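Trainee: Have a look; sequence and predicted model below, questions after that.
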Amino acid sequence: MLQWVKDSKLNLVTVDFSLNSPGICIWTSDTNEYHFISYLKKGTGTKAEQRRQEEISTFSDVTLFHQPDWKTKFGDYSKNEFAKIKRYIVMADDIISEIVNITGTTKNFYIAFEGSSYGSKMGTNNIIDMAAGAAILKHQMMSMLEVQDILTVAPTTIKKHAGKGNMNKAALWTAFLNNVCESPELANSPLFKYCVSEIGEVKKVPKPFDDLVDAWFLNHYLLAQLEGNLPD
């Protein structure tokens, strides 16, 4: 790692955004460690996945918390655009609050979001809703944090950083387990050790690990960009 990166007190926040299970990865130069945030809709995943969620929520490098019951909070928000916007604002505030709790600062943030996949099978309305939620999160970040830059990175770029631009989620998971970026910080992560020893290679990556893996590769890509170590 370049000395200026170590000395700059940087906070890198990367977001794999979705409405039901945003995954966030944070790296700070103060600690040179990763921290993972999963902000899940309650009941996300199978019962086995939910048991794993409970396990990792106790790890020192994981913050896993559940979204409010939006129907109770806002009524029939699915048909109410105003309620949707209020939901996105609450989500943004909750996520930013956790980021500040973890980093202990509002200063010197570089932020990156994973862009939408052109191969996504989501309907048009869902894509619009997700874009709106992501836009509000970006706006709130710029309002509440001292943000140096916000990037949107295409999924293929993240996958190329992990190996190949056409990798599916299972292949990206395997690359993560193998620590293909040779990150000593990742190797020391309790979450990473759990993934290797307790889950291993799978055909379908359980929730929320798929989101957290995407966020981690994006974080490592962002750090590499700042260091100037990416090939032309």
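Mentor: Received the coordinates, thanks.

Trainee: number of nearby residues for the residue nearest to residue 10 when sequence neighbours are not counted?
Mentor: Excluding its sequence neighbours, the residue lying closest to residue 10 (C-beta to C-beta, 6 or more residues apart in numbering) is residue 29, at 4.6 Å. C-betas here are computed from N, CA, C, even on glycine. A count of nearby residues for residue 29, using other C-beta atoms under 10 Å, gives 17.

Trainee: ok, residue 29 touching residue 103?
Mentor: No: using C-beta atoms under 8 Å as the test, residue 29 is too far from residue 103 to be in contact (10.4 Å).

Trainee: How about residue 17: what's its closest non-neighbour residue?
Mentor: Residue 17's closest residue in space is residue 134 (C-beta to C-beta, 6+ apart), at 4.6 Å.

Trainee: For that neighbour, give me its contacts.
Mentor: 15, 17, 113 (C-beta atoms under 8 Å, 6 or more residues apart in numbering).

Trainee: just checking, it is part of a helix?
Mentor: Yes: if the criterion is DSSP: H, G, I helix; E, B strand; the rest coil, then residue 134 is within a helix.

Trainee: So residue 140: helix, strand or coil?
Mentor: Residue 140 ends up helix, using three-state DSSP.

Trainee: That one and residue 10: what is the separation?
Mentor: 20 Å (C-beta to C-beta, to the nearest Å).

Trainee: cool, and residue 82?
Mentor: Taking C-beta to C-beta as the measure, residue 82 falls 37 Å from residue 10.

Trainee: Comparing those two, which residue is more hemmed in?
Mentor: Neighbours were counted for residue 82 and for residue 10 using other C-beta under 10 Å; residue 10 has more, 20 against 9.

Trainee: Isn't that one up against residue 108?
Mentor: Yes: here residue 10 reaches residue 108: they are 6.0 Å apart, a contact under C-beta under 8 Å.

Trainee: List of residues touching the lengthiest helix in the chain?
Mentor: When the chain is parsed with DSSP state H, its longest helix is helix 81-103. Helix 81-103 has contacts (C-beta under 8 Å, 6+ apart) with 11, 13, 19, 22, 24, 26, 28, 35, 37, 39, 63, 65, 67-68, 70, 73-78, 106, 129, 132-133, 136-137, 139-141, 144-145.

Trainee: List only buried entries from these.
Mentor: Using 16 or more other C-beta atoms under 10 Å as the burial test, the contacts of helix 81-103 include 11, 13, 19, 22, 24, 26, 28, 35, 37, 39, 63, 67, 70, 74, 77, 129, 133, 136-137, 140-141, 144-145 as buried.

Trainee: Just the ones of those residues in helices?
Mentor: Per DSSP H, the subset of the buried ones among the contacts of helix 81-103 in helices is 70, 74, 129, 133, 136-137, 140-141, 144.

Trainee: Can you classify the closest residue to residue 30 other than its chain neighbours by secondary structure?
Mentor: Closest residue in space to residue 30, ignoring its immediate chain neighbours: residue 9 at 6.2 Å, by C-beta to C-beta, 6+ apart. Applying three-state DSSP to residue 9 yields a three-state assignment of coil.

Trainee: do the same with residue 207
Mentor: Assignment for residue 207 (three-state DSSP): coil.

Trainee: Contacts only, for it.
Mentor: Contact analysis of residue 207 by C-beta under 8 Å, 6+ apart lists 21, 40, 44-45, 49, 53.

Trainee: I appreciate the help and will end here.
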